[in-house]
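> here's a sequence, model it:
(4 chains)
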2 protein chains.
Amino acid sequence: MAETDTTSPRERYRAQVRTEIKDRAWEQIATAGASALSLNAIAKQMGMSGPALYRYFASRDELITELIRDAYRSLADTFRAAWGSGSDHAALAHALREWALDDPQRYFLIYGTPVPGYHAPDDVTAIAAEIMTILLDACAALPADGPATPFDAHLEGHRQWAGDHPAPPEALRRALAFWTRLHGVLSLELAGHFTGMRFDPALLFTAELDDLLAH
Amino acid sequence: MAETDTTSPRERYRAQVRTEIKDRAWEQIATAGASALSLNAIAKQMGMSGPALYRYFASRDELITELIRDAYRSLADTFRAAWGSGSDHAALAHALREWALDDPQRYFLIYGTPVPGYHAPDDVTAIAAEIMTILLDACAALPADGPATPFDAHLEGHRQWAGDHPAPPEALRRALAFWTRLHGVLSLELAGHFTGMRFDPALLFTAELDDLLAH
DNA sequence: TAAGTTTCGTGATAGCCTCTAACTAAATCT
DNA sequence: AGATTTAGTTAGAGGCTATCACGAAACTTA
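The predicted model follows:
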């Protein structure tokens, strides 16, 4: 016997229309970038007139913020799943890469060009912190390597972030390196800066990853 | 005695108006991002009516392409100057960082979110190659470190890029690492992903740089 | 079931934007 | 001085975001 749905038909319909709007928005973003996203075009695709969409999203910016939120959530879920099943650092990194390749514009919605005025709402930064926590868990599980660096000492004194994560400063440093280096390779690959050069970006990615795990 | 100017007054006037348009465009981009760039607004600022600007730039896209071109040229000049005076790798890296901090949106015009359909014209990619050449010169001048990696072997077989630069594959690998790692730190810093965390991004940057130069 | 209320979608409209076209006036060339 | 090129204008087509007032459908409640 199916569980009684607590939501009213209206709420269900509303949620359904909202997700259809978002699906179309993702399509547009994937093919033409976020700046080309048009509420009007989405409305026409769905067979209704422009202003109707404003019943579902207060503004274009609010829709984009919602997409950013979903992108963060998707990345956090991918991360949690990848780290949860096996605690394999390489698997975590490759999960990130596959998630990014799956929809480059979704990656850039999070890590791409920032809009000068924009500040993400608190719940979004909370998801970002969640992602960082998983990364810190992973780096805390890494075997120790060389001596503490000067930068470790600096991090020791400035670790407000990471929500009082119990990782040692060395793990903080390695989490940052993990993040910045993989992002460095990935974002240049996704932006097409390696096309024309003939090497395989996947090998560069794993080379960086190996270097991160070796040290 | 002043050199006779080969350009006619009209050409000079035209060039002057073009640069004023570009200056205003840079202001707009710096304060509101490239997607908010408005030819109309620029025209009003300059005291003329909208369509007048189309005498100077065929379209909004052509103006942006011109800005991208100038950004690349500026970066290439900065790079050449930084490497030319002293051949100091750290100075080269810090010149990059200062150039980026000087106008983050200019950096993102080159290395930020790509527009799916867009392909840069050949002369722009030529400047990009020029930048890469300087980086390869620098990495070729680096003392050799450990044994060849598997990725070195791959690069050996796929070095169409770099315009037949005489650098050994190890230098190619290090140039890529230089590029991707510094970009990784820089782009996340410029996009504001480190705000909230309390550490100093400059120290992370130099830590990555030191690591690059130590190995 | 009937009346009241909330919600959805509409068309009209204001105010941006890019870009084209026709026209005037000024600068330059012959 | 006359012919030609060029710079700027206004008008307008067609796109966009967003607001508003209105009708119609769907729920809620008496």
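
> outline the domain layout of chain A.
According to automatic domain parsing, chain A comprises the domains A:1-57, A:61-214.

> any idea which of those domains is most buried?
Highest mean neighbour count of the domains of chain A: domain A:61-214, a mean of 18 (counted as mean count of other Cβ atoms under 10 Å in any protein chain shown). Backbone N, C-alpha and C define where each C-beta goes, glycine included.

> output the domains of chain A as CSV; include the columns distance to DNA strand C and mean pLDDT.
Converted to CSV, the domains of chain A look like this (distance: least, Cβ to the nearest atom of the strand, whole Å; pLDDT from 0 to 100):
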stretch, distance to DNA strand C, mean pLDDT
domain A:1-57, 3, 92
domain A:61-214, 15, 94
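
> out of the ones you listed, which is closest to B:Asp61?
Taking Cβ to Cβ, domain A:1-57 is the member of the domains of chain A nearest to B:Asp61, at 12.0 Å.

> and that closest one with DNA strand D, contact?
Yes: using Cβ under 7 Å from any atom of the strand, domain A:1-57 comes into contact with DNA strand D via A:Ser8, A:Pro9, A:Arg10, A:Leu37, A:Ser38, A:Leu39, A:Asn40, A:Ala41, A:Gly50, A:Pro51, A:Tyr54.

> skipping adjacent residues, who's closest to the residue of chain A found nearest chain B in space?
The nearest approach of chain A to chain B comes at A:Gly184, 2.6 Å away (Cβ to the nearest Cβ). Using Cβ to Cβ, 6 or more residues apart in numbering or on different chains and skipping the chain neighbours, the partner closest in space to A:Gly184 is B:Gly184 (2.6 Å).

> how far off centre is the strand or helix carrying the one you found?
Assigned by DSSP states H and E, B:Gly184 falls within helix B:169-190. Relative to the centre of its chain, helix B:169-190 is centred 13 Å away, using Cα atoms, centre = their mean, to the nearest Å.

> picking that back up, which ones are touching the residue of chain A closest to chain B?
A:Glu208, B:Trp179, B:Thr180, B:Arg181, B:Leu182, B:His183, B:Gly184, B:Val185, B:Ser187 (Cβ atoms under 8 Å, 6 or more residues apart in numbering or on different chains).

> hmm, A:Ala171 and A:Glu156 touching each other?
No: using Cβ atoms under 8 Å, A:Glu156 is not in contact with A:Ala171, being 11.5 Å away.

> where does A:Glu48 sit: helix, strand or coil?
Check again: residue A:48 is Met, not Glu. Per DSSP: H, G, I helix; E, B strand; the rest coil, the secondary structure class of A:Met48 is coil.

> then the one 10 residues further on?
When the structure is split into helix, strand and coil by three-state DSSP, A:Ala58 lands in coil.

> pLDDT score for it?
Listed pLDDT for A:Ala58 reads 98.

> any idea how far it is from B:Pro168?
58 Å (Cβ to Cβ, to the nearest Å).

> toward the C-terminus, what is the element adjacent to the helix or strand hosting A:Ala95?
Secondary structure from DSSP H and E places A:Ala95 in helix A:89-102. Using DSSP H and E, the helix or strand that follows helix A:89-102 towards the C-terminus is helix A:104-111.

> any idea how far the helix or strand following that following helix is from the chain center?
Later in the chain than helix A:104-111, the nearest helix or strand by DSSP H and E is helix A:122-140. Counting by Cα atoms, centre = their mean, helix A:122-140 is centred 11 Å from the centre of its parent chain.

> any idea of the angle helix A:122-140 forms with helix A:104-111?
Computed by axes from the mean of the first three to the mean of the last three Cα atoms, to 10 degrees, the angle separating helix A:122-140 from helix A:104-111 equals 100 degrees.

> what's in contact with helix A:122-140?
Residues outside helix A:122-140 that contact it (Cβ under 8 Å, 6+ apart) are A:65, A:68-69, A:72-73, A:75-76, A:79-80, A:83, A:87, A:89, A:92, A:120, A:161-163, A:165-168, A:171-172, A:174-175, A:178-179, B:193, B:196.

> which neighbouring elements make contact with the helix or strand following it?
With elements assigned by DSSP H and E, the helix or strand that comes after helix A:122-140 is helix A:150-157. Counting contacts by 3 or more Cβ pairs under 8 Å, 6 or more residues apart in numbering or on different chains; DSSP states H and E, helix A:150-157 is packed against helix A:169-190, helix B:201-214.

> so can I have a markdown table of these showing distance to B:Pro147?
A markdown table is the format used below for the helices and strands packed on helix A:150-157 (distance: least, Cβ to Cβ, whole Å):
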| stretch | distance to B:Pro147 |
| --- | --- |
| helix A:169-190 | 21 |
| helix B:201-214 | 16 |
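
> of all these, which one comes closest to DNA strand D?
With Cβ to the nearest atom of the strand as the measure, helix A:169-190 is the member of the helices and strands packed on helix A:150-157 nearest DNA strand D (24.8 Å).

> next, the angle helix A:150-157 makes with the closest one.
Here helix A:169-190 points in a direction 110 degrees away from that of helix A:150-157 (the same axes, to 10 degrees).

> how near is A:Arg174 to A:Ala141?
11 Å.

> my guess is A:Phe194 meets A:Asp200, correct?
No: look at A:Phe194 against A:Asp200 with Cβ under 8 Å: they stay out of range, at 9.1 Å.

> what helices or strands is the helix holding A:Ala95 leaning on?
Judged by 3+ Cβ pairs under 8 Å, 6+ apart, helix A:89-102 is in contact with helix A:60-84, helix A:104-111, helix A:122-140, helix A:169-190, helix A:201-214.

> for those, give me JSON lines that also has distance to B:Gly33.
Below are these laid out as JSON lines (distance: least, Cβ to Cβ, whole Å):
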{"stretch": "helix A:60-84", "distance to B:Gly33": "13"}
{"stretch": "helix A:104-111", "distance to B:Gly33": "13"}
{"stretch": "helix A:122-140", "distance to B:Gly33": "19"}
{"stretch": "helix A:169-190", "distance to B:Gly33": "17"}
{"stretch": "helix A:201-214", "distance to B:Gly33": "27"}
